[in-house]
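J.: All I have is the shape, not the residue letters:
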């Protein structure tokens, strides 16, 4: 998905680069009567998570609709004081749909959406306070990353249980988070519960890189976990999380990826490393972005409400990669499939880090500490 | 004469971009194998001329002849290539490097890619021997005394195989015995065939050392003669420009007052060597000038540090104005009535980047005279500064100009004006006239005498023995951190009498 | 002010304008609408009241951080703790507003005061260490910034976090603690007035009070200050404390003025902009105001271009880096020939204004 | 802690210290020439980027390393030019280099790979690790010091070499003279600007190597902002090192060890935010201890 995107944005960036003597490109003509949509990135691209994935969703929309849609991505940077002015600006520029991402946009969006009732907004990975019938012009999407992580936890614990990893590699599991924040901990909690469903007294080493950029540190943390007897690690730490795979390659142990199919992304350049990625927990922001647009075109998008996307919608899941099929036992595959069904059917409820207070979270982490 | 000239300046002029004319049509020549002095007041153009000769600056017009041929010296490196070496007034040594490394900086003795330390040391030793300048090649320059550093500077210049050595005010930092030693060495070098350009405004030294003198005033040559052809009056008239030589301040007879500052058995063993003192007993009375003589490192700086609150005494007692000041801070000393003209006016005496006003009122800025409620009264500060400027004859572009715009003598006058304005009861004058011209020095001398006349006790620390003998009522000599001689009257005292004590050869106290 | 005195300012502005245009022009030419890009960059910020407001909003904290930097630089301390102080000041202010029970009228002042004190530690500790142990305040303050960040994240996570917020964010700042907006149609808040007053106060402090005079003396020559008997350590610590309080106060008013919750998960970078503002203003508190406004103007112009054209945010970043480089290029800005051209004086006149003692 | 985990700890500390040591030596060279290289962070980042891109397009890790060195040196030269020719402020120019490097690498990464985050789609090369014969076969010592990345050995060999360079070679001595007393160096015919120019270029080259270690050794890709402040830690290491190459290396190892401690403390149940303060508090304490010791020595030698 992150592979060969050629967008208008890429092209025009290329033109900018031409001025710097770097590359060439051609201008793109504007189409008439096209739908105009914009994505506001409340940070910088390159996070390998919701922002990059959101852009991938936009690329997908462009691919589907070609001249029928005009897309724009605005990186607002991390200075939160710029978010509201940007939101105000685009609200006055005649966009058909304005996408914003992350919970941090809730407060600015609440302010602006009330002032521009005719403008339509999509909030990804967050939700508005819809009580009292407010925000009829905002559609929200939430993800059940905890459910996908539950499956990842089952996978990790199951591989150890089934002897898919040699016993001398250790019996504990590892988790590498970017920052100790709710959305990352949502991964963690699902992971813990999934692992516990297979091995009730499972031990999980938990580290936070305190950075989403520092690959070297991510690798060092993962190495420390592997050394201390972790057999399989799960990384939810952006680029820092990639360090997990480098560590796995170095010590010859396994790892689980996050957000997109990381094995597929790495395979072309480093097959040995890709072999160590048994699967990836998928969080398809891109799917939800594209889906919202299709629903919007068919006028079925439920503004004024929040949808929680999970396994059913194809927004969350465990990548059924060749590695996965090869390494996981048949028993484990069927366990995971039935757990999936139970979650979809509402028979299994996975806890969430959203709304959980810090002390409860600490207690949970302490309970699985090796 | 000209045919034998090593260097000839022909109608050299120098004007700066901002319009300042530093030199106008300067012409004279320097004969081979002599010590040739260049004299004149501060700002007369001596330094600019030497910078041109050494390639640091280029003349605006005129030309320079070397060995009778036109020479264009574009850089110090080119000067060295032409056989010209220079010892600057402010040394250009790197403190953390060794003596040998400094001497051969830029022309290191190599073996492979490395410096050959052994060869370097051998060459330093050879140089030392040849020119009779003993140094320790492996000592770090930061550990050397000023006189020793100057030796390194001279060796550094000599190591470049030079024919002409320029010395810019070399005695400003030396004590009399050290000065005498330097002169002996310079004569030795001259006898070895070197030509020496000696820049100084100290006429006594010019006479003692040089055979020929060129006098500059306001950027022009006003005199160029064999010293044998000039008597002292003629020489000082040339330098001072028509004004007769400055009269020595009249020593008014007066009664000495009560004890003002008293040190009893004071020791301080910490600090750099020059700052350590032991068993000092000294009382300074109101209305007298106590002169302190000694070579660099003799302990005078330690005494000053103790009496200005920069250091506390380790043992003994110090009383000032009836208060125990053994561990008094500078603030305590100041509020008890100390004024202090520091030896290094750039480092300790002023803030060069700040305005004249700021420098003039600094320290007194909390006085009610400058206050306007909670704020400073800028108008009154400027007024006070204007008063100081006119009273002390400070030549300046105005009170708001930065102090760096002033020449050394004028800056020192302003600093003195500030210190004297605090109505002190006790004044430390540490090298009060070092590096400033004769008129400014005379002015400050007169001021200090007047202050003593009004009952101020003055501690005068100076390496200029003329100054010491001119101003002091009595003299103590320090060596190795101790007081080694006391002269309760200066009648009949001569520099020669002080020398042995300053060098630690004799001791009476 | 005379033409002569204005010359450096005029030259600075002209040079900056040339820089901005030479950098922006090739960038603009690569887009489909080069005129539009240039026009947006240069005049966009003046197009409506809201954008003007954005400039002022953005300049408010950087002006204060610049003041903090200038006061410390003036006293000879290269203390970069402003960044951490700003961060911790924001956090401390929000923490106080959330945790301390207060009557409504005291909420903002008490929270701001508490935040200022808490945040100032990031500047004060390096200042104290410098004054008493002569450790490099540059390094200790750089390191302490990160300590402040992680301690702040810890406090946010364990004491202030709103579990219902969905992101790592504090509980909402109580309405009564928020600073009132003062210009309708913009987000300009009371903090801007406070910042302007602070800059004027800073100028009075530096140039018209004994304390400020002493700070300048210590900064320009510590040996001289010691010679005068000034309490060096006290002056240094006082400057560090003032700088820290101001920077932390800036963080506080930023929070109470523009934010609904505290959710900084990285150092916000405002302190660094403050360093630039201070250097651009040559540590003169009154010049901080135009300097901060100018940088904010560039930023708003860049943002508008980024929002309306296909110019990547990194392109805007590169422009800012270049402006930073060239804005300080003393050779160009202080070139005497340029100054002379602008001031319209002949060389004789200039001699008078740049006197050398040798000339007399 | 048993013996093998001690050996393991040493190995990690050496690895973590490697980029810090390289960068700090770079900072040392420029500082000794009298020019503080605040832009080291940006030079590392650019080096990390250039190494990955060039090695990916040429298929040669060595060319990648060469590119890293060159780009670092070029940025150093740019900084020198800004300061000497344009008379820009040294500190601000350094900060500008950091900003420009962060923006420039991200932009180029995007142009080349279509992603602003990471270069993992590029087939970049890594530099090898080396087992030391004999020593590597020893049980615990081998575990600690053998099998490291080639640039780790380079870093620790570079320290004595830089020390020799600064104290024993003509160029090194002149460089120190330039930094300590430029007028003395100039008087001896040393071109101060030229020395500072090359010192900054050399400083940038070291930064480039430090960056290459991150992207061609530690991991095998370039990531946005992957240096993560290591350049600033290197600045601290240089200050703590007291101006000597070996002292600088030791300081870098102390800081690397602090980071290693914070890594091994993770998962110990302490809040990770507080654990993360360790690598920043240690240098502050180290500077404090250093300052107090200096003061005590001064007092003792005076007594």
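T.: Received, thanks. In this text, all values refer to a predicted model and were calculated from it rather than measured experimentally.

J.: mind checking how far the residue in the stretch 1-150 of chain D positioned nearest to chain B is from residue B:280?
T.: For the stretch 1-150 of chain D and chain B, the shortest gap (CB to the nearest CB) falls at residue D:32, measuring 10.0 Å. In short, each C-beta sits where N, CA and C put it, glycine included. From residue D:32 across to residue B:280, the span is 42 Å (CB to CB, to the nearest Å).

J.: Next: residue C:105.
T.: Following CB to CB, the distance that separates residue C:105 from residue B:280 is 65 Å.

J.: out of these two, which sits in the more crowded spot?
T.: With neighbours defined as other CB atoms under 10 Å in any protein chain shown, residue C:105 and residue B:280 compare such that residue B:280 has more, 24 against 9.

J.: How about the residues of the stretch 51-200 of chain A by chain C?
T.: For the stretch 51-200 of chain A, the contact set with chain C under CB under 8 Å from any CB of the partner chain comprises A:72, A:74-75, A:77-82, A:84-86, A:88-90, A:93, A:102-104, A:106-107, A:126-127, A:179-183.

J.: again, but for the stretch 151-300 of chain D
T.: Going by CB under 8 Å from any CB, the residues of the stretch 151-300 of chain D near chain C are D:229, D:232, D:235-236, D:239-240, D:271, D:273-274, D:276-277, D:280-281, D:283-284, D:287-288, D:290-292, D:295.

J.: among those residues, which are in strands?
T.: Among these, no member falls in strands (DSSP state E).

J.: Show me which parts of the helix or strand containing residue B:28 are buried, residue by residue.
T.: Here residue B:28, judged by DSSP states H and E, is contained in strand B:21-31. Buried positions in strand B:21-31, judged by neighbour count with 16 or more other CB atoms under 10 Å in any protein chain shown: B:21-24, B:26, B:28-31.

J.: Mind checking if the longest helix seen in chain D is in reach of chain A?
T.: The longest helix of chain D (DSSP state H) is helix D:3-32. Yes. Against chain A, helix D:3-32 shows contacts by CB under 8 Å from any CB at D:8, D:12, D:15-16, D:19.

J.: Might you report the residue contacts of residue B:239?
T.: Contact partners of residue B:239, counting by CB atoms under 8 Å, 6 or more residues apart in numbering or on different chains, are B:39-41, B:201, B:203, B:215, B:217, B:438.

J.: helix or strand for it, which one?
T.: Assigned by DSSP H and E, residue B:239 belongs to helix B:232-240.

J.: Can you name the next helix or strand after that helix?
T.: Beyond helix B:232-240 toward the C-terminal end (DSSP H and E), the next one is strand B:259-268.

J.: List the neighbours of that following strand that are in contact with it.
T.: Here strand B:259-268 has contacts from B:275-286, B:302, B:305-307, B:311-321, B:425-426, B:457, B:459, using CB under 8 Å, 6+ apart.

J.: got the residues of the stretch 251-370 of chain A near chain D?
T.: Counting by CB under 8 Å from any CB, the stretch 251-370 of chain A comes close to chain D at A:265-266, A:268-270, A:273, A:362, A:365-366, A:369-370.

J.: how about the residues you listed in TSV, adding secondary structure?
T.: Below are these laid out as TSV (DSSP: H, G, I helix; E, B strand; the rest coil):
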residue	secondary structure
A:265	helix
A:266	helix
A:268	coil
A:269	coil
A:270	coil
A:273	helix
A:362	helix
A:365	helix
A:366	helix
A:369	coil
A:370	coil
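
J.: Can you tell me which of these are buried?
T.: With burial judged by 16+ other CB under 10 Å, the buried subset of those is A:265-266, A:269-270, A:273, A:365, A:370.

J.: of all the residues you listed, which comes closest to residue A:175?
T.: Nearest to residue A:175 among those is residue A:365, at 9.2 Å by CB to CB.

J.: roughly how far apart are the nearest residue to the closest one once chain neighbours are set aside and residue D:289?
T.: The spatially closest residue to residue A:365, leaving aside those adjacent along the chain, is residue A:206, at 5.5 Å (CB to CB, 6 or more residues apart in numbering or on different chains). As judged by CB to CB, residue A:206 and residue D:289 stand 33 Å apart.

J.: now swap in residue A:112 and tell me
T.: From residue A:112 to residue D:289 the distance is 53 Å (CB to CB).

J.: and residue A:335, what is it in contact with?
T.: Applying CB under 8 Å, 6+ apart, one finds that residue A:335 lies in contact with A:154, A:158, A:198.

J.: And the helices in chain D?
T.: Secondary structure of chain D (DSSP H): helices at D:3-32, D:40-58, D:61-84, D:90-113, D:139-145, D:150-168, D:170-180, D:182-187, D:192-213, D:230-240, D:245-265, D:272-275, D:278-302.

J.: ok, which stretches of chain A are helices?
T.: For chain A, helices defined by DSSP H occupy the ranges A:8-19, A:50-65, A:83-91, A:106-115, A:145-161, A:182-198, A:215-227, A:238-251, A:262-266, A:271-274, A:285-297, A:322-327, A:330-344, A:358-368.

J.: hang on, the earlier thing: nearest to residue C:131, out of the buried ones among the residues of the stretch 251-370 of chain A next to chain D: which one, please.
T.: The closest of these, once distances to residue C:131 are taken by CB to CB, is residue A:365, at 42.2 Å.

J.: Quick one: residues contacting that closest one.
T.: Residues in contact with residue A:365 (CB under 8 Å, 6+ apart) are A:188, A:206, D:269.

J.: okay, now the last one: neighbour count?
T.: So that's residue D:269. Neighbour count of residue D:269, defined by other CB under 10 Å: 12.

J.: Compare the helices of chain A and give me the one nearest residue D:39.
T.: Nearest to residue D:39, of all those, is helix A:215-227, at 20.3 Å by CB to CB.

J.: Look at residue B:493 and tell me its secondary structure.
T.: Classification of residue B:493 by three-state DSSP places it in coil.

J.: ok, it to residue B:472 distance?
T.: For residue B:493, the distance to residue B:472 equals 9 Å [CB to CB].

J.: Please see if stretch C:223-231 touches chain B.
T.: Yes. Using CB under 8 Å from any CB, stretch C:223-231 reaches chain B at C:223-224, C:226-231.

J.: circling back to that earlier point, ok, and which of the contacts of residue B:239 reach chain A?
T.: Of the residues in these, proximity to chain A by CB under 8 Å from any CB holds for none.

J.: how about the residues you listed, which pair is most distant?
T.: Pairwise distances across the contacts of residue B:239 peak at 13.7 Å for B:203 and B:217 (criterion: CB to CB).

J.: Tell me which of these two has more neighbours.
T.: Higher neighbour count among residue B:203 and residue B:217: residue B:203, with 22 against 19, using other CB under 10 Å.

J.: Am I right that that one is in contact with residue B:236?
T.: Yes. Counting by CB atoms under 8 Å, residue B:203 does reach residue B:236; the two are 6.0 Å apart.

J.: Please type out the PyMOL selection for whichever of the contacts of residue B:239 turn out to be buried.
T.: Selection of buried members from these for PyMOL, criterion 16+ other CB under 10 Å:
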select buried, chain B and resi 39+40+41+201+203+215+217+438
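
J.: Around residue C:284, how many other residues sit close by?
T.: Residues lying near residue C:284 (other CB under 10 Å) number 18.

J.: can you pull the buried residues of stretch C:97-112?
T.: In stretch C:97-112, counting by 16+ other CB under 10 Å, buried: C:97-98, C:102, C:107-108, C:110-112.

J.: Any chance of those in CSV with pLDDT as columns?
T.: What follows is the buried residues of stretch C:97-112, written out as CSV (pLDDT from 0 to 100):
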residue, pLDDT
C:97, 96
C:98, 96
C:102, 88
C:107, 94
C:108, 95
C:110, 97
C:111, 97
C:112, 97
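
J.: From these, which land in helices?
T.: Per DSSP H, helices hold the following members of the buried residues of stretch C:97-112: C:97-98, C:107-108, C:110-112.
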